[in-house]
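# Sequence first, predicted coordinates after that:
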Amino acid sequence: MSASNKKSSAAKSRDPLQKPWQRQTKAKAAVSLSATAGLSSPKAAAKETAKAPRQEESKVYGENACRELFRQRPEAIIRLYINSELAPRFADLMKYLAQQKRAYHLVDETELEKVAGSQHHGGIVLLVKRKPVTSLALYLRQKRKQDCLLALDGVGNPHNLGAITRSCAHFGVNGIIMREPQLLQSGAALRTAEGGGEFVDGLACDDLPLALKLCKDAGYTLITTSSHGGSSLYNTALPAKVVIVFGEEMFGVSKNVAKSADIALQIPGSGKVESLNVSVAASLILGEWYRQQQG
């Protein structure tokens, strides 16, 4: 090997920023995106990983959740952690971060698990600015002829919240009324929502019965569900403006909420199990409401 070839080979091996998935046909095109973005050393990445996110920040992981967040809110992205296997599919995100002078890190599975706080990171984690929480009162100021909202009474499991959010996005539901709407922005909930979290807002309320009264005053029909009684979902006309209330699986909605309902629905079935998972029940009812409004 000639001296010049040896130099070239040595330079390439010393360059930790070189990406095997990038075709570099010209010397000019060989400028690495990570160099522009300030891809840091493993030691620096580990130090940043150890920092807890601020209250207004959150971590999002899972390929679909991260992809949709980049489509809808690229300006909210603070930092990216990604493995080498997934990196080629997010070259556009890495290029964007480089242009914005924001850091990204190519890390291994162990590091990703530390960053995400979960084994189910899917090869990518974003540190982002949280979506601002909207108050229910502010949402209700906008007059709508057709609208469906969900209200959750004691539902807090992140996987249920994520599955519910995914169904809401699919059927065009804009908001979920909750006492703790920030739970919708947990990493597990957003991953399970598969990108749906970008289209559904958490609507904050301190007092759920009072919040539901405000909705009724604004022209919404209040719907609750029960496995023990009520009208069949498939034999009931569902109004154009509704708030559908779901409670925690073991106990359902509270008595105060149940008393204020205009319609109580039951999802018919074989009776071999007492009830459906709350996220499954939500999907069925939202699907029927959507179907009726299209007719």
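Okay, I see it.
# In the stretch 151-295 of the chain, where is pLDDT below threshold?
For the stretch 151-295 of the chain, residues meeting the criterion pLDDT under 70 lie at 249-252.
# Run through the helices of it in chain order.
Applying DSSP state H, counting those that start in this stretch to the stretch 151-295 of the chain gives helices spanning 158-170, 187-193, 208-217, 255-259, 278-294.
# can you redo the ones you listed as TSV with distance to residue 62 and mean neighbour count?
Using the backbone N, CA and C atoms, a C-beta is placed for each residue, glycine as well. Listed next are the helices of the stretch 151-295 of the chain as TSV, based on distance: least, C-beta to C-beta, whole Å; neighbours: other C-beta atoms under 10 Å:
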stretch	distance to residue 62	mean neighbour count
helix 158-170	10	22
helix 187-193	3	25
helix 208-217	30	17
helix 255-259	32	13
helix 278-294	17	18
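# Quick one, which of the ones you listed gets closest to residue 151.
Closest to residue 151 of the helices of the stretch 151-295 of the chain, according to C-beta to C-beta: helix 208-217, at 6.4 Å.
# Show me what the closest one is packed up against.
For helix 208-217, the packing partners by 3 or more C-beta pairs under 8 Å, 6 or more residues apart in numbering; DSSP states H and E come out as helix 136-140, strand 147-153, strand 175-178, strand 221-225, strand 241-247, helix 255-259.
# List the contacts of residue 119.
residue 113 (C-beta atoms under 8 Å, 6 or more residues apart in numbering).
# On the three-state scheme, it is what?
coil (DSSP: H, G, I helix; E, B strand; the rest coil).
# could the helices and strands packed on helix 208-217 go into TSV alongside distance to residue 111?
As requested, the helices and strands packed on helix 208-217 are exported to TSV (distance: least, C-beta to C-beta, whole Å):
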stretch	distance to residue 111
helix 136-140	40
strand 147-153	34
strand 175-178	33
strand 221-225	43
strand 241-247	38
helix 255-259	45
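# quick one: strands adjacent to the helix or strand where residue 125 lies?
Using DSSP states H and E, residue 125 falls within strand 124-129. Strand 124-129 has the following sheet partners, assigned by DSSP bridges: strand 57-61 (antiparallel), strand 77-82 (antiparallel).
# how about those in TSV, adding distance to residue 202?
Shown next, in TSV, are those (distance: least, C-beta to C-beta, whole Å):
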stretch	distance to residue 202
strand 57-61	12
strand 77-82	20
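# Would you tell me which of those strands gets closest to residue 215?
It is, among the strands paired with strand 124-129 and with distance given as C-beta to C-beta, strand 57-61, at 27.6 Å.
# Counting by contacts, list what the next helix or strand after that closest one packs against.
Downstream of strand 57-61, the first helix or strand assigned by DSSP H and E is helix 63-72. Applying 3+ C-beta pairs under 8 Å, 6+ apart, one finds that helix 63-72 contacts helix 91-99, strand 124-129, helix 187-193.
# can I get the ones you listed in CSV with distance to residue 214?
Conversion of the helices and strands packed on helix 63-72 to CSV gives the following (distance: least, C-beta to C-beta, whole Å):
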stretch, distance to residue 214
helix 91-99, 40
strand 124-129, 29
helix 187-193, 25
